[in-house]
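# sequence first, then the predicted structure:
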Amino acid sequence: MRESLMVASTIPRLVIAAPHSHSGKTTVTLALLAALTQRGLRVAPFKVGPDYIDPQMHRQAAGRPSYNLDTYLVPAERVHDTFCRVAQDADIAIIEGVMGLFDGSSPTSRVGSTAEVAALLQAPIVLVIDASGMAASVGALIRGFRTYDPDVHVGSRHATPGALNGPGNPPSPSRSDHASGPDSLCIAPSRIGAATRLAPHCTYRLGARRCLPFLVSGKHRYLSRCWGQYCPV
């Protein structure tokens with residue numbers, strides 16, 4: 001397994017996670033997939049768990065199939081091999097998490113969770129946070145997720161990638177820096193919200209119930225263009 005893990009570590013990869021469901025993981029993932037693909041990169045999309053809906057949207061945004069990484073139903077070695085096989089020809093792999101970062105098959109286990117997959121692939125994590133109604137408290141939330149499990153890497157030593165979604169006006173850089181800690185930087189891509197406003201019939205606002213009419217209405221091409229245009233990559 002150690003040699004296998006070294007193979008995974010050579011593939012550029014990023015996990016999109018969140019503290020809880022309905023934080024905006026899918027919106028951010030699709031924005032990244034569309035934006036990177038439109039810039040000419042070969043992007044390999046993945047989804048943690050047995051979900052079959054999000055991978056359909058991934059395929060439309062990235063132009064290639066999205067594969068499930070499910071450590072609850074499939075042995076970890078096979079999950080890892082699937083990732084390496086699918087992503088070996090890609091410039092980068094984008095992995096969308098499921099539920100909250102540490103939520104797995106039980107409250108006392110990370111089996112089946114996004115955290116388990118991220119640790120298996122030694123992948124850095126971007127934490128998508130629904131920051132509506134929050135200010136400095138965001139910093140405590142980020143610090144807790146960074147220190148909860150030493151095998152799970154939210155950000156890096158010098159930077160904490162974080163997408164603050166939900167507020168109408170993004171927090172100022174100085175407030176974000178202070179809230180996240182002296183050794184980290186919290187990224188607040190304000191135009192993610194603009195993308196959702198451009199296509200309210202195709203996506204959802206944070207905190208609201210998911211709406212997926214574009215899967216059957218054929219509006220996915222329009223929405224992918226919106227995501228690619230407004231994602232601040």
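Sure, I can see it.

# for residue 127, name its beta-bridge partners.
residue 17, residue 162 (DSSP bridges).

# do you know how far it is from residue 99?
For residue 127, the distance to residue 99 equals 13 Å [Cβ to Cβ, to the nearest Å]. (C-beta placed from N, C-alpha, C; glycine too.)

# quick one: the strands in the protein?
13-17, 43-48, 67-69, 92-96, 125-130, 162-165 (DSSP state E).

# by contact count, what packs against the fifth one?
For strand 125-130, the contact count by 3 or more Cβ pairs under 8 Å, 6 or more residues apart in numbering; DSSP states H and E identifies strand 13-17, helix 25-38, helix 137-147, strand 162-165 as packing neighbours.

# make it 6 Å
strand 13-17, strand 162-165 (3 or more Cβ pairs under 6 Å, 6 or more residues apart in numbering; DSSP states H and E).

# what's the answer for the fourth one, then?
Using 3+ Cβ pairs under 6 Å, 6+ apart as the contact test, the elements touching strand 92-96 are strand 13-17, helix 25-38, strand 43-48.

# what pLDDT does the residue lying closest to residue 49 once chain neighbours are set aside get?
In this structure, residue 49 finds its nearest non-sequential neighbour in residue 98, 4.0 Å apart by Cβ to Cβ, 6 or more residues apart in numbering. Model confidence at residue 98, expressed as pLDDT, equals 96.

# can you report how many residues neighbour residue 56?
15 (other Cβ atoms under 10 Å).

# in a markdown table: the strands of the chain, plus mean neighbour count.
Output for those, formatted as a markdown table (neighbours: other Cβ atoms under 10 Å):
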| stretch | mean neighbour count |
| --- | --- |
| strand 13-17 | 25 |
| strand 43-48 | 27 |
| strand 67-69 | 22 |
| strand 92-96 | 24 |
| strand 125-130 | 24 |
| strand 162-165 | 26 |
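
# for the ones you listed, which one sits closest to residue 105?
Minimum separation from residue 105 across these (Cβ to Cβ) falls at strand 43-48, 12.4 Å.

# got the CA coordinates for the closest one in PDB?
Taking C-alpha atoms only, strand 43-48 is exported to PDB below (Å, rounded to 0.1, in the frame of the first residue of the first chain):
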ATOM      1  CA  VAL A  43      -9.600  17.400 -15.500                       C
ATOM      2  CA  ALA A  44     -10.600  14.100 -13.900                       C
ATOM      3  CA  PRO A  45     -13.700  14.400 -11.800                       C
ATOM      4  CA  PHE A  46     -14.600  12.100  -8.900                       C
ATOM      5  CA  LYS A  47     -17.300  11.900  -6.300                       C
ATOM      6  CA  VAL A  48     -17.000  10.400  -2.800                       C
END
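
# who does it touch, helix- and strand-wise?
Using 3+ Cβ pairs under 6 Å, 6+ apart: strand 43-48 touches helix 25-38, helix 54-62, strand 67-69, strand 92-96.

# what lines up beside it in the sheet?
Sheet pairing here is set by DSSP bridges, and for strand 43-48 it gives strand 67-69 (parallel), strand 92-96 (parallel).

# other residues contacting that strand?
Identification of contacts with strand 43-48 by Cβ atoms under 6 Å, 6 or more residues apart in numbering yields 33, 36-37, 54-55, 58, 62, 66-69, 86-87, 90, 92-98, 114, 117.

# low-confidence ranges in the chain?
Low-confidence segments of the chain (pLDDT under 70): 1-6, 156-233.

# sorry, back to before: and the helices and strands packed on strand 92-96 as CSV, adding distance to residue 73?
Shown next, in CSV, are those (distance: least, Cβ to Cβ, whole Å):
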stretch, distance to residue 73
strand 13-17, 19
helix 25-38, 20
strand 43-48, 12
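
# lovely, talk soon.
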